[in-house]
Structure formats: structure tokens, C-alpha cells
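Participant: Would you be able to build a 3D model of this:
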Amino acid sequence: MLELAILGFLYDTPLHGYELRKRLTALTGHVRPVAESTLYPAIKRLERSGFLTRATEPGAVAAPRHVLSLTDEGRSELRRRLAEPGERDITDANRWFTVLTFLRHLDAPVGQATVLRRRLDFLQEPTSFFYDGDRPLRAEELDDPFRRGVLTVARATSRAEITWLRETLDSLGG
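Facilitator: As a prediction, this is how the structure comes out:
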């Protein structure tokens with residue numbers, strides 16, 4: 001997901017590493033802070049793959065800055081990854097938010113709708129964080145107020161997202 005986010009932010013505008021890291025942290029930092037030891041190897045991989053380029057510009061105050069830009073191949077790669085997200089990208093909320101953040105870069109509404117339908121299908125499957133054997137438990141079945149709270153919040157979040165997904169799919173004609 002880090003590479004997807006890098007490609008997505010650079011799709012909009014060239015950025016220097018520090019600014020890119022700030023944007024990545026704002027998107028995912030509450031879940032997993034973006035360490036330099038993770039970010040810069042990902043940038044190098046994308047650069048070696050021909051998805052981005054690096055140019056050196058004079059720094060405003062001190063050392064020169066490296067500005068990262070997306071190549072045409074990088075733009076194509078972002079659109080490919082958005083059109084074909086993996087199963088975990090659909091089912092994991094944090095990964096899903098990263099896909100959703102950049103889904104506007106898929107030019108065709110039909111492609112956007114296909115991805116949104118996959119998420120909607122996933123959310124409509126009966127599931128729970130807690131089970132009785134193979135049967136998912138509902139909040140009303142739990143005596144533990146804290147576990148009941150987990151399910152109550154998750155249900156409200158899912159319902160809100162399902163409503164948004166249906167409205168957005170209608171607007172996309174999908």
C-alpha cells in the first residue's frame with residue numbers, strides 16, 4: 001500500500017521526499033507511521049522500475065532537495081493497481097482507504113464502479129469479530145458491553161459506508 005500511496009500522491013504533483021512523507025503520514029500515520037527506513041527503499045524500487053524520476057533542486061535554505069515525479073509508466077502502474085486491487089485491499093479497512101483515496105485517478109467510471117462493487121459485496125457478507133462456532137455473533141447477543149460496543153460501532157460504520165457506496169455507484173451509473 002505504501003507504493004500505491006506514493007504513486008497516488010505523485011500523480012497529483014511532483015514532491016520532495018519530506019513533503020511526500022508528510023502526506024503519507026497524514027494518510028496512514030495513525031495506523032502505521034511511515035519510517036524513512038521504509039519510505040526510501042520503496043521510492044528506490046519505484047525509481048528502478050521506471051515509475052518515478054528524481055531531480056535535484058536547490059534547497060530554499062540549506063542542502064539541495066530531491067524532487068520526485070511520476071513517469072508515464074508510473075501513471076499507468078497506478079491506474080493498473082487501482083483497477084485490480086488485491087483481496088486484502090478490499091477487505092482491510094486501512095488498505096481500502098488508501099485505494100479509495102486515489103480511485104479518482106481511474107479515468108473510466110465503469111472501472112471505479114467495479115472496485116466499489118467489490119467493496120460493497122464484501123460489506124454485505126455476514127461477519128463479526130466474535131463467533132459462536134462458525135456463526136457470527138450480533139451485538140445484541142453479547143453480555144460484554146465492550147465487545148457489544150465494538151460490534152455496534154462496526155455496524156454503524158458499515159451501514160454508513162454501504163449507503164455511501166450505493167449512492168456513489170448510482171452516480172457512476174454502476
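
Participant: Low-confidence bits of the chain, can you list those?
Facilitator: Applying pLDDT under 70 to the chain picks out residues 29-32, 59-62, 174.

Participant: longest single helix anywhere in it?
Facilitator: Under DSSP state H, the helix in the chain containing the largest number of residues is helix 145-172.

Participant: roughly how far out does that helix sit from the chain middle?
Facilitator: Taking Cα atoms, centre = their mean, to the nearest Å, the mean C-alpha location of helix 145-172 is offset from the chain mean by 17 Å.

Participant: which residues of this protein fall in helices?
Facilitator: Read by DSSP H, the chain holds these helices, from start to end of the chain: 2-12, 17-28, 36-48, 72-83, 87-91, 93-102, 109-124, 145-172.

Participant: Just the C-alpha atoms of the shortest one, please, in PDB.
Facilitator: Yep, that's helix 87-91 we're talking about. Listed next in PDB are the C-alpha coordinates belonging to helix 87-91 (Å, rounded to 0.1, in the frame of the first residue of the first chain):
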ATOM      1  CA  GLU A  87      -8.500  -9.100  -1.900                       C
ATOM      2  CA  ARG A  88      -6.900  -7.600   1.200                       C
ATOM      3  CA  ASP A  89      -7.100  -4.100  -0.400                       C
ATOM      4  CA  ILE A  90     -10.900  -4.600  -0.500                       C
ATOM      5  CA  THR A  91     -11.300  -6.200   2.900                       C
END
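
Participant: Return the distance of the residue nearest to Asp89 when sequence neighbours are not counted relative to Glu77.
Facilitator: The shortest distance from Asp89 to any residue other than its chain neighbours is 4.7 Å, reached at Arg95 (Cβ to Cβ, 6 or more residues apart in numbering). All C-beta atoms are positioned from the backbone trio N, CA, C, and that covers glycine. For Arg95, the distance to Glu77 equals 17 Å [Cβ to Cβ, to the nearest Å].
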